[in-house]
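*Asks:* have a look; sequence and predicted model below, questions after that.
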Amino acid sequence: MIPSNIYLGDTITRHIEATNRSATGKVVYIHPEGRYYTVEFDLGLYKFRESFNA
C-alpha cells in the first residue's frame with residue numbers, strides 16, 4: 001500500500017533507475033488500490049515517468 005502521506009501532485013525525491021541518480025519529480029498517478037505510484041521527472045531537455053512500488 002502507498003503510505004498515507006503521498007498524494008497526487010506531491011513533490012518527491014527518488015533514485016531513478018534510468019539515470020542512476022536521484023531526482024525530484026511530481027506524483028502524477030496512484031494505483032486505485034495503492035499498489036504503486038508514478039512520478040514524472042523533468043530533467044530540463046526531457047521529461048519521463050517512472051513507477052515505484054508501494
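*Replies:* Yep, it's here.
*Asks:* partner strands of the helix or strand hosting Phe48, parallel or antiparallel?
*Replies:* Phe48 is part of strand 47-53 when elements are defined by DSSP states H and E. Under the criterion DSSP bridges, strand 47-53 sits next to strand 36-42 (antiparallel) in its sheet.
*Asks:* in the partner strand, what's buried?
*Replies:* Tyr37, Val39, Phe41 (16 or more other Cβ atoms under 10 Å). In short, each C-beta sits where N, CA and C put it, glycine included.
*Asks:* rewinding a little: just the buried positions in the strand holding Phe48, please.
*Replies:* Glu50, Phe52.
*Asks:* can I have that strand written out in PDB, keeping just the CAs?
*Replies:* Extracted in PDB, the C-alpha atoms of strand 47-53 (Å, rounded to 0.1, in the frame of the first residue of the first chain):
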ATOM      1  CA  LYS A  47      10.600  14.600 -19.100                       C
ATOM      2  CA  PHE A  48      10.000  11.000 -18.200                       C
ATOM      3  CA  ARG A  49       7.900   8.900 -15.800                       C
ATOM      4  CA  GLU A  50       8.900   6.100 -13.600                       C
ATOM      5  CA  SER A  51       6.700   3.900 -11.300                       C
ATOM      6  CA  PHE A  52       7.600   2.800  -7.800                       C
ATOM      7  CA  ASN A  53       6.100   0.000  -5.700                       C
END
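*Asks:* now that strand: average pLDDT?
*Replies:* For strand 47-53, mean pLDDT is 91.
*Asks:* burial measure for the residue nearest to Arg35 when sequence neighbours are not counted, as a count.
*Replies:* Distances taken as Cβ to Cβ, 6 or more residues apart in numbering put Ala54 closest to Arg35, at 5.9 Å, once the chain neighbours are dropped. The tally of other residues near Ala54 (other Cβ atoms under 10 Å) stands at 13.
*Asks:* that older thread, now render the buried residues of strand 36-42 as CSV, adding distance to Val27 and pLDDT.
*Replies:* Shown next, in CSV, are the buried residues of strand 36-42 (distance: Cβ to Cβ, whole Å; pLDDT from 0 to 100):
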residue, distance to Val27, pLDDT
Tyr37, 6, 94
Val39, 6, 94
Phe41, 11, 94
